[in-house]
Structure formats: C-alpha cells, structure tokens
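Asker: structure here, sequence nowhere to be found:
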C-alpha cells in the first residue's frame, strides 16, 4: 500500500489512492502506515535514496492541494501530511507531504475521484463483503490489490472485482 500510494508521488494511473481495510486491523494498519510515511524520503528524484519527488506541474499541484481541502471539509480524519512541504530544497519544486486520510467514507470525493497525488484514503469496513462493495463502488476500475493469506478469498476477489488488473499481495503500481 505504501509504495503504491507514494512512490511516483501518486501520479500514476495505477497508484493506490484508497485502502479498504477491515475494522479489526484498521487501527494497527493506520498506525504502521503513518510510521512508515514519516520515514519517507522526499526530494529531488534524481538523488539516491529519494522515494518521492515533486508534483509534475503547477496545475496538478493546485489540483492536489484542492483535494486536501476537500478531504478536510468532507470530514475525513487527516492523520499525516495534508500540506505543501517548504524550506530548503522543497522551495525549488512543488512538493506535497505524503498524506493519509482515515475514516474516509466510500462516497466522499477523495474516495471517488482521481487525485493523481500522494494522497491515500483509508476506508474502514466491517467485513470482506463490505470491502468488495467499497472496492467496486467507483467508476474507475483500472487496478486493484488484495492482501490476504486466504486462497479461497483471493479467487473470490478475482471473480468479483471490477478492475482491469488485480495484484495479489503486491502494490497496484
């Protein structure tokens, strides 16, 4: 999830923009994801060790920034990021902090629309059935991923998911 959401600055058509997570593990999932995101090396993508670069241009930067505000206004819980990075080398480009929203409802715009930026929406669900429903509840269906050690669930997901590409225990990118 981490790589799919933030590598390529979320600016790939197959970037992970939503993580649909069962309630029973959601708190731990978000905690670990926020910890790993805090360690993300952001900067000039041509430098060794950098994991996330800038937004491609001013227009896309404005789009991403507007979605950060939309997420806040819709009532999603901002758990990290949500701002432009400034100071030092960040002033030489259009850098946005890797952002995670939790408690995102499937109907929210940040869950329904393509942002093309380093923004991940965590959608909590009660069970697998609700997860499949949330995963299929968007008009975009290019790529999906399922993380599980349950082989029967993998094959069921493959049969039911409405995406062109499905990854098994690997990122969407």
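Answerer: All right, it came through fine. This structure is a prediction, so every number in the text was calculated from the model and none was measured. Numbers count the residues shown, from 1 in each chain.

Asker: how far does stretch 68-80 sit from its chain's centre?
Answerer: Put simply, stretch 68-80 sits 13 Å off its chain's centre (Cα atoms, centre = their mean, to the nearest Å).

Asker: let me fix that, I meant to ask about stretch 133-141.
Answerer: Between the centre of stretch 133-141 and the centre of its chain there are 14 Å (Cα atoms, centre = their mean).

Asker: what do you get for stretch 17-31?
Answerer: For stretch 17-31, the distance to the chain centre is 12 Å (Cα atoms, centre = their mean).

Asker: list the contacts of that stretch.
Answerer: 1, 5, 10, 33, 79, 100, 102, 104, 111, 114-115, 119-128, 131, 134-135, 138 (Cβ atoms under 8 Å, 6 or more residues apart in numbering). (Glycine included, C-beta is placed from N, CA and C.)

Asker: so for the protein, the centremost residue is which one?
Answerer: The residue lying closest to the centre of the chain (Cα atoms, centre = their mean) is residue 120, at 2.6 Å.

Asker: distance of it relative to residue 64?
Answerer: Distance, residue 120 to residue 64, using Cβ to Cβ, to the nearest Å: 12 Å.

Asker: again, but for residue 166
Answerer: Distance from residue 166 to residue 64, counting by Cβ to Cβ: 27 Å.

Asker: list the buried residues in stretch 17-26.
Answerer: By neighbour count on 16 or more other Cβ atoms under 10 Å, the buried set for stretch 17-26 is 17-21, 26.

Asker: take those residues and keep only those in helices.
Answerer: Here DSSP state H is the test, and the buried residues of stretch 17-26 give residue 26 as lying in helices.

Asker: make a markdown table from the buried residues of stretch 17-26 and add distance to residue 72 and pLDDT to it.
Answerer: Shown next, in a markdown table, are the buried residues of stretch 17-26 (distance: Cβ to Cβ, whole Å; pLDDT from 0 to 100):
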| residue | distance to residue 72 | pLDDT |
| --- | --- | --- |
| 17 | 17 | 94 |
| 18 | 17 | 95 |
| 19 | 19 | 97 |
| 20 | 21 | 97 |
| 21 | 21 | 98 |
| 26 | 20 | 98 |
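
Asker: please consider this matter closed, and thank you.
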